[in-house]
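[1] Would you be able to build a 3D model of this:
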Amino acid sequence: MSDTMRALVGADTGSGYHLAQDAPIPVPPPGMLLVRVHSVGFNPPDAHKTVDYLPSNAAAPSPAGGGCGFAGTVAGLGEGVTRFQVGDRVLVCSFGPVDTDMSNGGAFAEFALAEQDSSYRVPDTMDFAEACSIAMGLAAIDQLSMMHGGDNNNTTTVLVSGGTTPTGIMATQLLKMAGYTPIVTCAPADNALCQEYGAAACFDSHSPACGADARVHTDNSLLYALDFIADDISMKMCYEAVGSGSSYYYGLKKPANAIAIKYTRRDVRADWRLAGGVQILGGGLDNLPAALEDLKTGSMHNAKTLIVPLMA
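    Below you'll find the predicted structure:
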């Protein structure tokens, strides 16, 4: 394997991007993987953040950081990696450079580093672009774990709004595996399906009393609501469901009237991660500089997660 790769890096002036033909391929440090990147995913707001990730006037410029994650095959292993082998197909949840000194971070490249604990196996039946599209659900669970201090040995109840959405189904399963008690909103006809995936209770998403019913069920003690529908109705429902006192609402996108709803309760902390669907963007690495610049300047108004296949 060559020692260099193609990678999107920062311009020498400190702003903008250019495609380097001979960026150094990073060597995986202990506990990390080297991944041959097949697809990357990012959200429009990440285009603004990416500028900060790019070092200027660097002797060995590092690749730009991906926003939602990337998928590919394991090409190398750092010392101590036991969960993966070279050739494994993986999805990596990534929100920028993967190492703190930014010398080798970033996913907009032919090869990227990945932390073993932030990587997941991709089934042979799933293509890499599809794998990138589920990174937001994984990130939502990671966000919840950080909010709760990383303690996975608990029975904390978490409301999943949109229990039959693809991300909601995944979230329910992951919450259950992590030791949480997931409760979900869904149509009554889907109760059995949601319970099969791990829901401890289901509430009728079409009922005006949905939020109130969930609040009664949790004895006014619900702390966390993950909203995978994320419209005005579902946000109001979540606000009705969470208990009195400090609680947390997390939505995958910002509803139209989010600010007005947010201030109906000052005791609820609200945050959003924009993910309004998936759009495949062609052109690979060659097209990324122009696409990122369009997103940064607002020329491309898109609320979707963008998936960019780098390899055919």
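[2] C-alpha from now on. contacts and neighbour counts both.
    Will do.
[3] Distance check, residue 199 against residue 233.
    Shown here: residue 199 relative to residue 233, a distance of 21 Å by C-alpha to C-alpha, to the nearest Å.
[4] for residue 245, same thing?
    The gap separating residue 245 from residue 233 is 22 Å, by C-alpha to C-alpha.
[5] From start to finish, how long is stretch 119-129 in a straight line?
    Per C-alpha to C-alpha, stretch 119-129 runs 15 Å from first to last residue.
[6] That one: which residues count as buried?
    Neighbour counts over stretch 119-129 (16 or more other C-alpha atoms under 10 Å) mark 119, 120, 121, 122, 128, 129 as buried.
[7] so how many other residues sit close to residue 245?
    If you count neighbours by other C-alpha atoms under 10 Å, residue 245 ends up with 14.
[8] same deal with residue 165?
    By other C-alpha under 10 Å, the residues close to residue 165 number 14.
[9] Would you confirm that it contacts residue 230?
    No - in this structure residue 165 lies outside contact range of residue 230 using C-alpha atoms under 8 Å: 11.5 Å.
[10] quick one: the helices in the stretch 101-250 of the chain?
    Along the stretch 101-250 of the chain, counting by DSSP state H, counting those that start in this stretch, helices occupy 128-133, 135-147, 166-177, 191-196, 210-217, 232-241.
[11] okay, the ones you listed, which one's buried deepest?
    Of all the helices of the stretch 101-250 of the chain, helix 128-133 carries the top mean neighbour count, a mean of 25, counting by mean count of other C-alpha atoms under 10 Å.
[12] Contact partners for residue 222?
    Going by C-alpha atoms under 8 Å, 6 or more residues apart in numbering, residue 222 touches 157, 158, 159, 215, 241, 242, 243, 247.
[13] Report pLDDT for residue 190.
    With respect to pLDDT, residue 190 scores 96.
[14] I'd say it and residue 169 touch.
    No - applying C-alpha under 8 Å, one finds residue 190 not in contact with residue 169, separated by 11.4 Å.
[15] ok, back up a step: with distance to residue 76 added, can I get the helices of the stretch 101-250 of the chain in CSV?
    Shown next, in CSV, are the helices of the stretch 101-250 of the chain (distance: least, C-alpha to C-alpha, whole Å):
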stretch, distance to residue 76
helix 128-133, 18
helix 135-147, 22
helix 166-177, 28
helix 191-196, 38
helix 210-217, 47
helix 232-241, 43
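[16] rank the ones you listed by pLDDT, which is bottom?
    Among the helices of the stretch 101-250 of the chain, helix 135-147 carries the lowest mean pLDDT, a mean of 61.
[17] where are the low-confidence patches of this protein?
    Applying pLDDT under 70 to the chain picks out residues 10-17, 42-68, 94-105, 135-155, 273-279, 293-306, 312.
[18] Can you classify the closest residue to residue 236 other than its chain neighbours by secondary structure?
    Leaving aside its chain neighbours, residue 236 sits nearest to residue 261 (6.6 Å; criterion: C-alpha to C-alpha, 6 or more residues apart in numbering). Following DSSP: H, G, I helix; E, B strand; the rest coil, the label given to residue 261 is helix.
[19] Was I right to think residue 261 contacts residue 238?
    No - when contacts are counted by C-alpha under 8 Å, residue 261 is not listed as touching residue 238 (10.4 Å).
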